[in-house]
Structures are given as structure tokens and as C-alpha cells.
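Q: compute the structure for the input listed below.
(chains A and B)
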Amino acid sequence: MPKESKKTETPTPETEEEALGTLEALSADRRKKRDVLREAGIDPYPTRFDRTATAGALHAEHDGLDADVRTGQIAKMAGRLTSLRGHGKLVFVTLSDVTGSIQLLIQESNRSDQAAKVLEALDLGDWIGAEGEVITSRRGELSLDVTELWLLSKSLRPLPDKWHGLTDTDARYRQREVDLLANPESRKVFDIRFKAIAALRALMQEEDFVEVETPILQPQAGGALARPFFTHGNALDIELSLRIAPELYLKRLVVGGYERVFEIARNFRNEGVDTRHSPEFTALEAYRAFGDYNDGMDLVERMVVEAAKASTGKLTFTIGERELDLTPSWPRRQLLDWVEELVGQRLHPNDPVEKVRGVCKEFDVDFLPEWGSGKLIFEIYDTILLPTITNPVFVCGFPVEVSPLARHTAEDPTLADRFELCIDAKEFANGYSELNIPEEQVERFSGEAAAAAKGDEEAHPADLAFVRALEFGLPPTSGIGLGVDRLIMLLSEVEAIRDVILFPMMRPEATH
RNA sequence: GCGCCUCUAGCUCAAUGGCAGAGCAACGGACUCUUAAUCCGCAGGUUUCGGGUUCGAAUCCCGAGGGGCGCACCA
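A: Numbering: from 1, shown residues only, chains lettered A, B, ... in the order given. Prediction:
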């Protein structure tokens, strides 16, 4: 037989013995243990298990007991076997469930015959069920004195190192399930994530916002300035974009009479991947009739503070070397005032473009020739002002030129009633008094079309269905968008957006 | 897209041009209070892949692939 073709065959018993310790052998060994149970008439994949207690509940009830105490309470528990320490006739096992972990104490003198057989077949990582009396060990650890033991499902693959866990970032992202079961810190990040999102929902409901769902597949992606993903709809034979923001549809719902709506929206932007950007990310957008952008700031501040308290119980965070304090209330500063402090002269969207370009050159801010003064000022904000920000601050009053969907201020038609919430040198939220004057919206879209004609790939496309909706009347409305992933990064004190996304976008795997 | 770094046993890491190693996990054994248990024994490798230089390559060179970081774009 040619040597090359041997690889693809399933391993024969001989090769298993030869290669004891390889992945195939480790897996074969676990399979064999499972099959031994089957032969003994024990089902290694029972269809259900009725547990009577969780680790968390038992700890809550019994922590603080003296050592060597028997409670008389019988509990049935289920979870993953995460540690096993044998002492001959006595075996200690750590069983981990969703609430925490508890020690199983398995004594030869107390366990059933079936429990003995199951114990013999166990490996790290197996799902198990156990029944026994709740006791404390001689060292005082709360334990189950096991009489019955069940295998609930076998892990046919070995777990990562119990002490170091899984550190390879590639493997952690691609096999998040392994990351979660092996690395408690990783699990903690996602616990924070989903608690924070639940808290945001609760707050929005308390404020009488209705949670809605708007299209992800859209004939034309709008509501933000970004490059979309495209796909094809077979039924209608049309090109579709994945949404870059839910904004336009949410405002149409306000036109329709939903005075307070929000959506926790997965958005898709066909752009770069780095520590703070993911092509697929989550934003919470909310729209409230009869409010303006000041109401938006109030709301955002409450959202972030509530999410922080609910998920972590604190308001101060350490990311790398940076200390951040979210204690309200946060300063609200005018963009133009702040820029003036930084560059030493007053800039305004009405200024001749040459003047603003001069400042850009002086401060090494890159720009494109087609940009107007408003966009240039925004760029100065983005590249030299934003990086100086640590604690939360609302930056207010952005140029209309970079805010095609926002109302201009009462005093100045070149500035928008718009804010951005900045924390730790990143934009966390954006909000404004919504532009609700149809003719003006049409004008803004024309301006964007002109930019697109000059080659701006991220110009906002004119959305005539949206304009038609505005013609039915959008009440004065306050809109906000909060970057949920970035909020979670802050709350869980991690530096990479991929650490807060369960399954971040990766190149397909070559092998499994 | 460009630059830099990285890839060794299932996992975590050594070996800097000279016999591919350790810890954990596994396997065999001892042990009724451990908790990164301990002790004895045993096994586990196409050093990501493909070329090249060399008496000799995990190591140096070229190319490919995966991943990370920085820049650019963006929130």
C-alpha cells in the first residue's frame, strides 16, 4: 500500500497503541470508556436528568458551616467535571454548573456499584450527574458525599490545560465553547455582556420604550456613513444590503405613532477589523418623540450607568493603565470651544476651507481635497481631541456637513444639535435632535449625492421612502445610538472588541 | 491594502546551526480529606505547509497559509 494513502484511513487498533498520547489516541480512549459503560448496561447519553440543586444555591445555603458537618440534605446535581483528584478509595471531583462549582467527595464505602463503574469511565470535561448528602469535608469545603453517579454526556476530546487554560487567541475565538469552559475570565466577560444588555432592556422598558425589529436585509443601507455588505435576494431577484444602522426604519416607526421605540440592532459594516472595530457589531438605537438631543444625553448617561451597576456593581474601571470613572453627571462641552483650546484659534464650518486646512496641516491631520470646513473640523476632533479623552464627556455641536440626518441648531444652520459620548478615547454613543423637515432632508441627501459623485464611498444615499415618511410628519424626536460592544469592553475591562463578541468573524478553518 | 511579530505533543511552554525537551492532561501503579494533590513508572512529534542553504535546520534564507499588533479606513 502506498504510504501517502494511509493517512486518510481511520486508525487501526495497532496505530492507536503506537500513538498513545496523540489526539486520536486520547479520543479513542475516551470512546472506549464510554463503550464499556454501554456494555455494562449503563446509557452514556441519558435523555434527561432531574437535578434538585445547583452549586450556587448550595453555597448560598451552606457557606460558613464548620468542617466535617453532615447536613442530612440529599441533593442531585449536574454539571461538567472540571477537576479530578484521586486518593485510592477516595476521589475528589469538581463539578461545575452554570452557577459555580462544588466538590464531589466519592468514597468507596458510600458509593453504589454503578457509581463505581461510572467513576471508572470518567474523564475531565465529561458532563455528569451526582446524588449524595450535602456535607463539609474535613478541610471545611462544602461537598456532596456521593452515593450515585451518572454520565450525562462524554467529552471525547481532551480539555485544555486546567491551570493555563486556552490562551491561543485564534483557538479562543474559533472554538469559543472551549474558551468558555476552560477560561473563567472569558466566561465572566460574557456574563457581564448579557447582564448589561438585560439591564439596558429593563431600563428602556421602564422608560416606556417599545422594543421593535426592523429589516436587516435592506434594498438600500442607510442611517450611517459606512460601506455595506451586499447580497442577492433570489425571490425578488434584487440586490440587498445588510443594514449599517436601523435609524431610518426606527424613525419611520415614530412617524407611524410609536412614540418611543428602540432596537438592539446587529449592524454590518464592510470595513476594517481591529481592536475596536468588528464588521458585525451591536448597537442600541432609541428614538423618543417630543424630545431633543439634551434628552438623548440624559438617556445615554442613565443607560451606561445602569448597565455598569447591574453587570459589575461598580462605576470605576481599569483598562490597561487607564483608570475610568463613570460617576454621573458627565460634562457636556461644545466641540468648537474645545477645538479652539487645542489648536489656539476659533474654527467654524463657515470658515474658508483654506484656513481650516492650514490648521490641519499644522497639527498633522490628514484630509482629502473634497472635504469642506465642517468635515475638516470633525477630523481634527477625531484625530487630536478624541485621543485626549478618558472619563466620559459629551461633545456637543457637530458640523451639519457630517450630520446629514440631524437638525441644525436654532442659532446656526451649519451646526447640528448633535452629541457624541466619548470615553477612553473612543466614541461610545451618538445622538441628535432628528431632522424632521422633509425639504431640508432632501437637500442634505443632494449634498451627499454630490459627495458620492466626487468618489466618497460612504456618502449617505438618498432614501426616498424615508423622505416620504417624513412628509407624513415626524414629531420633534430625540434619537440615540449606543455602541454595545464598546460598552461591554469598558465594563469587562478588555482591550479587544473580539473579546466581547462570542463568535467574531474569522477566516474559515482549514481543518477541524 | 502596507509594515512588524508569531506558529514546537491535546493544552501551556523550553531548546538560537549539533541526539526535539518539561509541566499539565492521558496511560499503568500506590494512596480515605484533596483542591494546580503527591509519589513511582510509561508513552506521546511530518517542529503550520512547500522549497532552498548546510556535513547537519525547530533554529538561517525564499515562498505559501493561519493568527496577533501597528498604520490606513471606520464606530
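Q: can we go C-alpha only for contacts and neighbour counts from here?
A: Noted.
Q: any stretches of chain A with poor pLDDT?
A: Counting by pLDDT under 70, chain A has low-confidence residues at A:1-21, A:510-512.
Q: if we go to 80?
A: Low-confidence segments of chain A (pLDDT under 80): A:1-21, A:451-458, A:508-512.
Q: break it into its domains for me.
A: Domain assignment of chain A by automatic domain parsing yields the ranges A:13-159, A:184-330+A:391-500.
Q: most packed of those domains?
A: domain A:184-330+A:391-500 (a mean of 19; mean count of other Cα atoms under 10 Å).
Q: make CSV out of the domains of chain A and add distance to RNA strand B.
A: Output for the domains of chain A, formatted as CSV (distance: least, Cα to the nearest atom of the strand, whole Å):
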stretch, distance to RNA strand B
domain A:13-159, 3
domain A:184-330+A:391-500, 4
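Q: backbone torsions only: list them for the residue lying closest to residue A:286 once chain neighbours are set aside.
A: Nearest non-adjacent residue to residue A:286, counting by Cα to Cα, 6 or more residues apart in numbering: residue A:262, 4.1 Å away. Main-chain dihedrals, residue A:262, degrees, to the nearest 10: phi -150, psi 160.
Q: and what of the one 4 residues further on?
A: The main-chain torsion angles of residue A:266 are listed as degrees, to the nearest 10 and equal phi -80, psi 120.
Q: return the distance of the nearest residue to it once chain neighbours are set aside relative to residue A:496.
A: Nearest residue to residue A:266 in three dimensions, chain neighbours excluded: residue A:282, at 4.4 Å (Cα to Cα, 6+ apart). Distance of residue A:282 to residue A:496, given as Cα to Cα, to the nearest Å: 15 Å.
Q: one more: residue A:129?
A: 37 Å.
Q: what of residue A:192?
A: Taking Cα to Cα, one finds residue A:192 at 15 Å from residue A:496.
Q: please export the C-alpha coordinates of stretch A:290-305 as PDB.
A: Included here for stretch A:290-305 are C-alpha records, laid out as PDB according to Å, rounded to 0.1, in the frame of the first residue of the first chain:
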ATOM      1  CA  PHE A 290     -41.100  65.200  21.700                       C
ATOM      2  CA  GLY A 291     -37.500  65.200  23.000                       C
ATOM      3  CA  ASP A 292     -34.400  66.800  21.800                       C
ATOM      4  CA  TYR A 293     -30.700  65.900  21.900                       C
ATOM      5  CA  ASN A 294     -30.400  67.000  25.600                       C
ATOM      6  CA  ASP A 295     -32.900  64.300  26.500                       C
ATOM      7  CA  GLY A 296     -30.700  62.000  24.500                       C
ATOM      8  CA  MET A 297     -27.700  62.700  26.600                       C
ATOM      9  CA  ASP A 298     -29.800  62.200  29.800                       C
ATOM     10  CA  LEU A 299     -30.900  58.800  28.500                       C
ATOM     11  CA  VAL A 300     -27.500  57.700  27.400                       C
ATOM     12  CA  GLU A 301     -25.900  58.600  30.700                       C
ATOM     13  CA  ARG A 302     -28.600  56.600  32.500                       C
ATOM     14  CA  MET A 303     -28.200  53.600  30.200                       C
ATOM     15  CA  VAL A 304     -24.400  53.400  30.700                       C
ATOM     16  CA  VAL A 305     -24.600  53.900  34.400                       C
END
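Q: so how far is it off the chain centroid?
A: In this view, stretch A:290-305 has its centroid 22 Å away from the chain centroid, taken as Cα atoms, centre = their mean, to the nearest Å.
Q: list the contacts of it.
A: By Cα atoms under 8 Å, 6 or more residues apart in numbering, the surrounding residues in contact with stretch A:290-305 are A:200, A:203, A:315, A:326-330, A:394, A:417-419, A:429, A:431-434, A:475-480, A:482, A:487.
Q: is residue A:281 in a helix, a strand, or coil?
A: Look at residue A:281: counting by DSSP: H, G, I helix; E, B strand; the rest coil, its state is strand.
Q: what pairs with it across the strands?
A: Using DSSP bridges, the bridge partners assigned to residue A:281 are residue A:267.
Q: how about the one 4 residues further on?
A: Beta-bridge partners for residue A:285, by DSSP bridges, are residue A:263, residue A:481.
Q: residues contacting it?
A: By Cα under 8 Å, 6+ apart, the neighbours of residue A:285 are A:246, A:247, A:262, A:263, A:264, A:265, A:479, A:480, A:481, A:482.
Q: return the distance of it relative to residue A:425.
A: From residue A:285 over to residue A:425 (counting by Cα to Cα), the distance is 21 Å.
Q: same question for residue A:243.
A: 26 Å.
Q: and the strand of greatest length in chain A, what does it pack against?
A: When every strand of chain A is counted residue by residue (DSSP state E), the longest turns out to be strand A:70-87. If you count contacts as 3 or more Cα pairs under 8 Å, 6 or more residues apart in numbering; DSSP states H and E, strand A:70-87 packs onto strand A:90-97, strand A:127-136.
Q: using PDB, write out every CA atom in it.
A: Only the C-alpha atoms of strand A:70-87 are listed here, as PDB (Å, rounded to 0.1, in the frame of the first residue of the first chain):
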ATOM      1  CA  ARG A  70     -23.300  16.300  57.800                       C
ATOM      2  CA  THR A  71     -26.400  18.300  56.900                       C
ATOM      3  CA  GLY A  72     -28.700  15.300  56.200                       C
ATOM      4  CA  GLN A  73     -29.800  17.100  53.000                       C
ATOM      5  CA  ILE A  74     -29.700  14.900  49.800                       C
ATOM      6  CA  ALA A  75     -29.000  16.700  46.600                       C
ATOM      7  CA  LYS A  76     -28.900  15.800  42.900                       C
ATOM      8  CA  MET A  77     -26.600  17.900  40.900                       C
ATOM      9  CA  ALA A  78     -25.400  18.100  37.300                       C
ATOM     10  CA  GLY A  79     -22.500  19.800  35.600                       C
ATOM     11  CA  ARG A  80     -19.200  19.400  33.900                       C
ATOM     12  CA  LEU A  81     -16.300  17.500  35.500                       C
ATOM     13  CA  THR A  82     -13.600  20.100  35.700                       C
ATOM     14  CA  SER A  83     -11.100  18.500  38.100                       C
ATOM     15  CA  LEU A  84     -10.400  15.100  39.500                       C
ATOM     16  CA  ARG A  85      -8.100  14.200  42.300                       C
ATOM     17  CA  GLY A  86      -7.800  10.500  43.200                       C
ATOM     18  CA  HIS A  87      -6.800   9.100  46.500                       C
END
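Q: what angle separates that strand from strand A:90-97?
A: If you take axes from the mean of the first three to the mean of the last three Cα atoms, to 10 degrees, strand A:70-87 sits at 110 degrees to strand A:90-97.
Q: can you give me the strands for the stretch 101-250 of chain A?
A: Along the stretch 101-250 of chain A, the stretches classed as strands by DSSP state E, counting those that start in this stretch are A:127-136, A:142-153, A:210-211, A:217-218, A:230-233, A:238-242.
Q: so which residues make contact with the second one?
A: What that stands for is strand A:142-153. By Cα under 8 Å, 6+ apart, strand A:142-153 touches A:43-46, A:49, A:59, A:62-63, A:75, A:102-107, A:110-112, A:114-116, A:118-119, A:122, A:126-137.
Q: likewise for stretch A:415-427?
A: The contact list for stretch A:415-427 (Cα under 8 Å, 6+ apart) reads A:293, A:297, A:322, A:324, A:349, A:386-400, A:403, A:406-409, A:428-433.
Q: inside helices: which ones of those residues?
A: The helices, defined by DSSP state H, take in A:293, A:297 from those.
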